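>>> Next come a sequence and a model predicted from it.
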Amino acid sequence: MLSTHQLSLKTGQRQLVTALDWQVGDGQCWSIIGRNGAGKSTLLRTLAGLRAPDSGHVAIAGRTLAEWPLAELARQRAFLAQSRSDAFAYSVLETVLSARHPYHDNHYWEGSDDHAIAMQSLAAMEVDDLARRDVRTLSGGERQRVAIAAMLAQDTPLLLLDEPANALDLAHQVSVMSLLARLCREQGKTAIMVGHDLTLAHSVSTHALLLMGDGSWLAGTIAEVMRADILSSYLGHPIDVLQHGNRSIFIPSEAPA
Ligand SMILES: Nc1ncnc2c1ncn2[C@@H]1O[C@H](COP(=O)(O)OP(=O)(O)OP(=O)(O)O)[C@@H](O)[C@H]1O
């Protein structure tokens, strides 16, 4: 689905990612993990084509981002930003309908299919009862779920999500992340997400990409890379992994008194 070839990213004089050669297959669910400032959002924006690489390139379905016409690229990948500001009084439904724009080649107005898909996406995020509300009146978690609904409404094979669990209560963290895992497993969609909750990441992801923040990186299956010793080194703090039934719980080791 997606690959990067000798991809390097810099900010100022700092190298964030060096020579990333990465293959992301159809149906895989990846978590990008690293400490604050390691370059996770910068990488995600680069994968979405919203920022140019400093060297190397990104390809989706075998074509480099530059080779994709923008309207076609918009039907390939959807991007959930870490934060958003709403300047205008759009309703929740209008916000999600506007995400259907890439499907309107020759006409401006949405059709009844768009309306049905938008309402299904809102229902999947349990915010369909808010369809008529002004987005500026929503709580942080409600707004986040509307943003994820807008992403689902785009119905793209590739989902790029920057901290999707942000602002969500515990129940919605679990339901949203489980839905993403199910979309990958059952519909062959590919998800790449940034997140700080290691337990949640481990429970839904098939693979992880770890960023050190100095250019170095490690990619592999969850079993290969989400190990206490490796995560401790990438996150700069000792981490313990506890087994609870068949789940792995990741907790920071206590600092010495
Ligand atoms: N426009 C910019 N100008 C200057 N520095 C920037 C810019 N954008 C990002 N950076 C810097 O690049 C580094 C990587 O930022 P990025 O947002 O990718 O980190 P992150 O891993 O997503 O961090 P977090 O976990 O805090 O969200 C940070 O040190 C950040 O300050």
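Nice, thanks for sending it over. Numbering: from 1, shown residues only.

>>> so after the longest helix along the chain, what's the next helix or strand?
Identified as the longest helix of the chain according to DSSP state H is helix 170-187. With elements assigned by DSSP states H and E, the helix or strand that comes after helix 170-187 is strand 190-194.

>>> What strands flank that next one, and is each parallel or antiparallel?
Here strand 190-194 is paired, per DSSP bridges, with strand 29-33 (parallel), strand 158-162 (parallel).

>>> After it, which helix or strand is next? Please name it.
If you walk from strand 190-194 toward the C-terminus, the next helix or strand you reach (DSSP H and E) is helix 198-204.

>>> and that next one, does that touch the ligand?
No. Against the ligand, helix 198-204 shows no contacts by C-beta under 6 Å from any ligand atom, the least distance being 13.1 Å. Every residue, glycine included, has its C-beta placed from N, CA and C.

>>> any idea of the pLDDT on the residue in the stretch 151-257 of the chain that the ligand sits nearest to?
Nearest residue of the stretch 151-257 of the chain to the ligand, counting by C-beta to the nearest ligand atom: residue 194, 6.3 Å away. We have a pLDDT of 97 for residue 194.

>>> So residue 143 versus residue 121, what's the distance?
Distance, residue 143 to residue 121, by C-beta to C-beta, to the nearest Å: 15 Å.

>>> again with residue 128
From residue 128 over to residue 121 (counting by C-beta to C-beta), the distance is 9 Å.

>>> returning to what we had before: what's the angle from the longest helix of the chain to strand 158-162?
160 degrees (axes from the mean of the first three to the mean of the last three C-alpha atoms, to 10 degrees).

>>> Please name the nearest non-neighbouring residue to residue 57.
Nearest non-adjacent residue to residue 57, counting by C-beta to C-beta, 6 or more residues apart in numbering: residue 64, 4.9 Å away.

>>> Contacts only, for residue 232.
Counting by C-beta atoms under 8 Å, 6 or more residues apart in numbering, residue 232 makes contact with 238, 239, 253.

>>> is it fair to say it lies in a strand?
No. Secondary structure of residue 232, determined by DSSP: H, G, I helix; E, B strand; the rest coil: helix, with no strand assignment.

>>> Also near the ligand: which of the contacts of residue 232, exactly?
Counting by C-beta under 6 Å from any ligand atom, no member of the contacts of residue 232 reaches the ligand.

>>> quick one: contacts for residue 226?
Contacts of residue 226 (C-beta under 8 Å, 6+ apart): 33, 198, 201, 202, 208, 248, 250.

>>> From residue 30, how far out is it?
Counting by C-beta to C-beta - residue 226 and residue 30 are separated by 12 Å.

>>> what does residue 2 give?
If you go by C-beta to C-beta, the gap between residue 2 and residue 30 works out to 9 Å.

>>> Let's verify residue 17: helix, strand, or coil?
Secondary structure state of residue 17, per three-state DSSP, is strand.

>>> which residue packs closest to residue 65, ignoring adjacent ones?
residue 49 (4.4 Å).

>>> what about the one you found, neighbour count?
Residue 49 is flanked by 20 other residues according to other C-beta atoms under 10 Å.

>>> quick one: low-confidence ranges for the stretch 101-250 of the chain?
Residues of the stretch 101-250 of the chain that meet the criterion pLDDT under 70 lie in 103-112.

>>> What residues does the closest residue to residue 99 other than its chain neighbours make contact with?
Distances taken as C-beta to C-beta, 6+ apart place residue 150 nearest to residue 99, at 4.0 Å, with adjacent residues excluded. Contacts for residue 150 (C-beta under 8 Å, 6+ apart) come out as 95, 96, 98, 99, 121.
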